[in-house]
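> no sequence on hand, only this structure:
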C-alpha cells in the first residue's frame, strides 16, 4: 500500500491546542466495524458503552518532562531529550538544528548548560550537561507534539498546566517522551465506574521516537519502526490470557497498548520485558485486541495506519470525514474514538 492512501485534509481549526476543561468532557465517537454505524457520545459515558464481557488494558507509562527551552548565542532554541547516556551525556532532537553546531553551548533555566559533542544530519545531537540527568529534567517541559505550537512564552506560561494534563492520571512508570493520549480522557470517577463492572489491567510501553517518527517511504511495507521497550508483568499476562480463554473481549486503550499486546502475542516464548519494532498496517492479523479506544491521528502516520488496519481503511477514512464535518477535535489534546 502507498503512504498517500492514508492521507486526508484536516482544517487547521480542528487541531486541539488545549484539552477540554475536564478530561471526561471530551467527545467520544463510537464506530461499529461490522455495520459502519457511527454514534456520538461524551467520554464520561464510556462505562455505559462497555459490554459485560469487555475488559480493558491500558498503558501506564509516565511522560518525562523531556522538552527543554533555552538559548544558544542569545537565540531561542529547544531540544527533546530522547535518551540518557550516563555520565551527564544525553541524546537529543533539537531545533533549530542549525544552532546546535559542534561546541555550541545550550543555556537553559537555573544555570543549566549543555555542550554539543556530536551531530548528525537528522537533527540529533549528543550533549554533555553540567548536571546529572534527573537535574536536567527538573527544568523540563511536557514534550508536547509540534502541532500544538507552544512557542517560548506560551510554553513557559502553561508549563504547570501541560505537565499535569499531558499525563494520564494512572501514569506510574516514567520513561516516555510522548503521552499514550487515549488515556488522557480518564478521570477517577470514570475509572471507578469501569472497575466496578469490568476488569482493568495495566501494562507499560515506553513511548519513544518510533511512535511519532515520520514515515518516509511511499511504499509503507518498506517502513521500519524504531524499537520501544515493553513490560507486561507475568500475573497481568496470565490474567489477560485467562480472560481471552473465557471469550472476554479485550479493549485496548490506545495504539501503544495495541502494539504492546500484539507484540506479546508474537513472542516465541513468554517474556516480561522485551523490545518491539512492530509496525501494524492493513492485512495484519490481530491476535489479542478486539476493541480499540483511541484519539484521532495525524494523516500519513503509523498511528492512523494502525487504526486503519483495525477498523478498515475505507471505513476509517469515511469516519474521519464525518468527524471533521461534526467538529471533532483532533490529535493529542483532542477527542476520542471507540472502535468496536
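Alright, I've got the coordinates. Keep in mind that this is a model prediction, so the values were computed, not measured. Numbering: from 1, shown residues only.

> need phi/psi at the residue nearest to residue 202 when sequence neighbours are not counted.
Spatially, and ignoring its direct neighbours in sequence, residue 202 is nearest to residue 60 (4.3 Å; Cβ to Cβ, 6 or more residues apart in numbering). From N, CA and C alone the C-beta is placed, and that goes for glycine too. Backbone geometry at residue 60, expressed as degrees, to the nearest 10, gives phi -100, psi 20.

> hmm, residue 171 and residue 60 touching each other?
Yes - at 6.0 Å, residue 60 and residue 171 qualify as touching, with contact defined as Cβ atoms under 8 Å.

> who touches the closest residue to residue 190 other than its chain neighbours in this structure?
Leaving aside its chain neighbours, residue 190 sits nearest to residue 24 (5.3 Å; criterion: Cβ to Cβ, 6+ apart). Residue 24 makes contacts with 42-44, 185-187, 189-190, as judged by Cβ atoms under 8 Å, 6 or more residues apart in numbering.

> and for the residue nearest to residue 202, the neighbour number?
As a burial measure, residue 60 scores 19 neighbours (other Cβ atoms under 10 Å).

> and the strand or helix carrying residue 256, what does it pack onto?
Assigned by DSSP states H and E, residue 256 falls within helix 255-265. Counting contacts by 3 or more Cβ pairs under 8 Å, 6 or more residues apart in numbering; DSSP states H and E, helix 255-265 is packed against strand 54-59, strand 200-205, strand 228-231, strand 249-253, strand 273-276, strand 291-295, helix 302-311.

> point out where the stretch 201-340 of the chain drops to low pLDDT.
Applying pLDDT under 70 to the stretch 201-340 of the chain flags no residue at all.

> with the stretch 51-200 of the chain instead?
Short version for the stretch 51-200 of the chain, where the test is pLDDT under 70: 121.

> try 50 this time
The model of the stretch 51-200 of the chain has no residue with pLDDT under 50.

> so who does the nearest residue to residue 72 once chain neighbours are set aside touch?
Closest residue in space to residue 72, ignoring its immediate chain neighbours: residue 99 at 4.4 Å, by Cβ to Cβ, 6+ apart. Neighbouring residues of residue 99 by Cβ under 8 Å, 6+ apart: 72-73, 75, 77.

> okay, and residue 92 sits in which element?
Residue 92 belongs to strand 89-95, assigned by DSSP H and E.

> direction included, what does that strand pair against?
strand 75-86 (antiparallel), strand 124-129 (antiparallel) (DSSP bridges).

> mind putting those into a markdown table with distance to residue 36 and mean neighbour count?
Below are those laid out as a markdown table (distance: least, Cβ to Cβ, whole Å; neighbours: other Cβ atoms under 10 Å):
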| stretch | distance to residue 36 | mean neighbour count |
| --- | --- | --- |
| strand 75-86 | 39 | 18 |
| strand 124-129 | 43 | 20 |
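
> any chance of those in a markdown table, plus distance to residue 219?
Below are the strands paired with strand 89-95 laid out as a markdown table (distance: least, Cβ to Cβ, whole Å):
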| stretch | distance to residue 219 |
| --- | --- |
| strand 75-86 | 27 |
| strand 124-129 | 25 |
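
> mind checking which of those is nearest residue 298?
Minimum separation from residue 298 across the strands paired with strand 89-95 (Cβ to Cβ) falls at strand 75-86, 17.2 Å.

> tally up the residues packed near residue 309, please.
Residues within reach of residue 309, counting by other Cβ under 10 Å, total 19.

> I'd say it and residue 289 touch.
No - look at residue 309 against residue 289 with Cβ under 8 Å: they stay out of range, at 10.5 Å.

> so which of the contacts of residue 99 is the closest to residue 198?
Using Cβ to Cβ, these come closest to residue 198 at residue 77, 46.7 Å.

> relative to residue 153, how far out is the closest residue in space to that closest one that isn't next to it in sequence?
Excluding its sequence neighbours, the residue lying closest to residue 77 (Cβ to Cβ, 6+ apart) is residue 99, at 5.0 Å. Separation of residue 99 from residue 153 (Cβ to Cβ, to the nearest Å): 19 Å.

> likewise residue 65?
For residue 65 relative to residue 153 (Cβ to Cβ), the value is 18 Å.

> residue closest to the middle of this structure?
Nearest residue to the geometric centre of the chain (Cα atoms, centre = their mean): residue 180, 3.6 Å.
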